[in-house]
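Visitor: Kindly generate the corresponding structure for this input.
(chains A and B)
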Amino acid sequence: NAGVTQTPKFRVLKTGQSMTLLCAQDMNHEYMYWYRQDPGMGLRLIHYSVGEGTTAKGEVPDGYNVSRLKKQNFLLGLESAAPSQTSVYFCASRKTGAVGISYNEQFFGPGTRLTVL
Amino acid sequence: GENVEQHPSTLSVQEGDSAVIKCTYSDSASNYFPWYKQELGKGPQLIIDIRSNVGEKKDQRIAVTLNKTAKHFSLHITETQPEDSAVYFCAANKGGFQKLVFGTGTRLLVSP
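Guide: You can find the predicted model right below:
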């Protein structure tokens, strides 16, 4: 199993450009998450999904959109990139269990380093 | 909402020493507290976690303690090794187990 993979690994954008970050997981996990990591600020949740076709806002959703058309994929879009979106982006996934059973571990991808000039 | 504070931001120890990282949380409804280790150029990886019905949990050289009354929890690493050098993040759950709020991270450097 590849686990959680992210594409691309690095990207440089100019202000105003758009792009999509792709996250894929082969563990059949229901939950998927997008975080951004900035120096001194830890990991902050952008958006998340509890299943195919569903998305929800996290702590810092402004300027980002997401889609979960297939269970294994979670896309993060930047419609008009800004320098403030320069960051390392991590995707994660988590399994859910039957009633009374919870699987709490989030499995992270290797990250995408995005620079917006 | 939940706020998680983590200290120290950097920690340098000699190989074989112990290391302690502390976190405090604000939401009394939080009941799940994981610790993640992030090595250079990689994504975070869960190393240990604890639920609020337990005061301490150990796994070989690492342990986590939880004080619900004071709303703080700590990571203890004994007999540190150079391969323990990494950034460590604490977290607390928010909204059941759906979401985590992370601390700002501690960079641990273990010198041989």
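
Visitor: pLDDT (mean, whole number) over stretch B:19-31?
Guide: Averaged across stretch B:19-31, the pLDDT comes to 94.

Visitor: how about that stretch: buried residues?
Guide: B:19-25, B:27, B:30-31 (16 or more other Cβ atoms under 10 Å in any protein chain shown). Just so you know, the C-beta spots here come from the backbone N, C-alpha and C atoms, and that holds for glycine as well.

Visitor: Residue 70: what's its closest spatial neighbour, skipping adjacent residues?
Guide: No chain was given, so I picked chain A. residue A:52 (6.5 Å; Cβ to Cβ, 6 or more residues apart in numbering or on different chains).

Visitor: You answered for a different chain; I wanted chain B.
Guide: residue B:24 (7.8 Å).

Visitor: what's across from the one you found in the sheet?
Guide: residue B:5, residue B:72 (DSSP bridges).

Visitor: What is the neighbour count of the closest residue to chain A within chain B?
Guide: Nearest residue of chain B to chain A, counting by Cβ to the nearest Cβ: residue B:43, 3.1 Å away. Other residues near residue B:43 number 23, with proximity taken as other Cβ atoms under 10 Å in any protein chain shown.

Visitor: Make sure it is actually in contact with residue A:106.
Guide: No. With contact defined as Cβ atoms under 8 Å, residue B:43 does not count as touching residue A:106 (9.6 Å).

Visitor: Mind listing the strands the longest strand seen in chain B pairs with, and their directions?
Guide: When chain B is parsed with DSSP state E, its longest strand is strand B:86-94. Sheet pairing of strand B:86-94 (DSSP bridges) gives strand B:32-38 (antiparallel), strand B:99-102 (antiparallel), strand B:106-111 (antiparallel).

Visitor: Beyond the longest one, next helix or strand please.
Guide: The first helix or strand that comes after strand B:32-38 along the chain, using DSSP states H and E, is strand B:45-51.

Visitor: Tell me the secondary structure of residue 21, please.
Guide: Went with chain A since none was named. Here residue A:21 is recorded as strand under DSSP: H, G, I helix; E, B strand; the rest coil.

Visitor: If we ignore the residues flanking it in sequence, what's nearest it?
Guide: If the residues on either side of it in the chain are set aside, residue A:21 comes closest to residue A:76, at 4.4 Å by Cβ to Cβ, 6+ apart.

Visitor: Low-confidence stretches in the chain?
Guide: Chain wasn't specified; assuming chain A. Where chain A drops to pLDDT under 70, the residues are A:97-103.

Visitor: Chain B is the one I meant
Guide: Those would be B:97, if you go by pLDDT under 70 across chain B.

Visitor: Could you tell me which residues of it lie near chain A?
Guide: Residues of chain B that fall close to chain A, judged by Cβ under 8 Å from any Cβ of the partner chain: B:6, B:9, B:32, B:34, B:36, B:41-46, B:49, B:89, B:93, B:97-105.

Visitor: hmm, try it at 6 Å
Guide: B:32, B:43-44, B:46, B:97, B:102-105 (Cβ under 6 Å from any Cβ of the partner chain).

Visitor: Highest neighbour count among those?
Guide: Result: residue B:44 is most packed of these (other Cβ under 10 Å), 28 neighbours.
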